Each structure stands twice: as C-alpha cells, then as structure tokens.
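only geometry, no sequence info:
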C-alpha cells in the first residue's frame, strides 16, 4: 500500500524550531519529487516547498524562504521539513505529498499534481 | 488572498450536476497543468484530477475537468450526499516557481 506518514509536529514558542518527518512506503521513493503543503486552522491549502528526486533542487513559497528547509533521505525513504524562526502564522497542519513533477524531454518543468498525501501533523506556534 | 480564484460555495440537489470554476493567469493555469482535490473535514486532501483532465485509478467518471486559457472547470455529475466537501484547484506558477491553490469551494448537496 502506498503510504505517507508524517510526524514531528507539536507546540513551539515563536522563534523556535521543529523538524517534521514523512516516512514513505509502498512505492519507489527515488522516482518522485516530494512536497510539503500546509493548512492553517479554518483556511485553505498552501503549498510550502518541494524537492526533486535526488534532493538537489528545492523550491519554496516566499513566506518560508530562509526559515524552512526541505530535504530527503532516499536511503531511508524519508522526507523532512526543518522549520526555524517559527511565527504564529506558521500554525497549521502540515501534509507531505507525493509530487507528480519532473522535467520533460525538452527540459521544461511540469507539475501534474499531488497524488498521495499523508494524514498531516499539527504545528502550533504560541507563547 | 489565493492566487487562483474559486467560488466560496456551490450547491445542487442529489443526482444533479455541478461545476466549480477556477480562474488564474497566463503564468499559472495558462502555462501549466491543473489538478483538482477533494477534502472532507479533518482529513487530508485527495487527488481527483491530475494533468488537466486525468482521473487517478479509483476516481469514478462522475468527475471530469477541462481547461481553457487561464480558467479551468471541475464537473461532478450524479451528485451524492457523500460528495459534500471542499474542492480545491491547484497548478504550478511559472513566474514564482511555486505551486499554488485556489481558496477552495464548499459543495453542499441539498
């Protein structure tokens, strides 16, 4: 069964740090880009970051650039999101997702969608 | 303020058809593939449509999608009470190199 399981969420003070993990199983992890998406309480979805298959290319939404770091460990089939200098508006459920993205035969990037999602892990930033 | 614009809510009767619109710009919908997701309260989103109009395995053909220019539409036929959920469109934005979502549309099946 294709599965993603997040962990590492919790309550942290503003300015604090946290590392989220996402364990993948049931598919060839190295064959896919991966993404993190978050959802603040009562709000819509916000894409946070993505990483390519070998971890060499990373993309971030502007609001987290310089504070969050996405990474992956292909040997352990795991995706990570390191959150630094957390703010209250980072409070959200964080989902990891398998990303149907890649570069086509002529070098153009494509993103078909996010086809497998984890159940989410909650990050609460509050004093 | 979401990059992609969706109506906040739509409604229709059981058995009827509903469409949900998603409007963007030349740098996102106009230049990239669109995907659609359904989210029930307290659960993770589920992919309904990828690559503009492809249904993943297990998604019934009651769900369809189309794209024209900088807009896209999700259609659901034969509405069931279990279809009550929030629906999101998503795509890539070539100008910001980020994925973007619509604000979500809550579907009520009356």
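Structure received. Computed from a predicted structure; not experimentally measured.

let me know whether stretch B:37-46 sits next to chain A.
Yes - residues of stretch B:37-46 contacting chain A under CB under 8 Å from any CB of the partner chain: B:37, B:39, B:43, B:44, B:45, B:46. Where you see a C-beta, it was placed from the backbone N, CA and C, and this is true even at glycine.

nope, stretch B:60-78 is what I meant
No - contact of stretch B:60-78 with chain A (CB under 8 Å from any CB) is absent, the minimum separation being 10.9 Å.

sorry, back to before: just the buried residues out of the residues of stretch B:37-46 next to chain A, in PyMOL syntax.
Buried subset of those, written as a PyMOL selection, criterion 16 or more other CB atoms under 10 Å in any protein chain shown:
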select buried, chain B and resi 37+39+44+45+46
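
quick one: which of the residues of stretch B:37-46 next to chain A is nearest chain A?
Lowest distance from chain A to these (CB to the nearest CB) belongs to residue B:44, with 4.1 Å.

and the furthest pair within the residues of stretch B:37-46 next to chain A?
Across the residues of stretch B:37-46 next to chain A, no pair lies farther apart than B:37 and B:43, at 11.2 Å, counting by CB to CB.

for the chain, what spans make up the strands?
As the question left the chain open, I've gone with chain A. Secondary structure of chain A, counting by DSSP state E: strands at A:3-7, A:10-12, A:18-25, A:33-39, A:45-51, A:58-60, A:68-73, A:78-83, A:92-103, A:109-117, A:121-125.

let me rephrase: I mean chain B.
Secondary structure of chain B (DSSP E): strands located at B:9-12, B:18-23, B:34-39, B:46-49, B:63-68, B:71-76, B:85-93, B:98-101, B:105-109.
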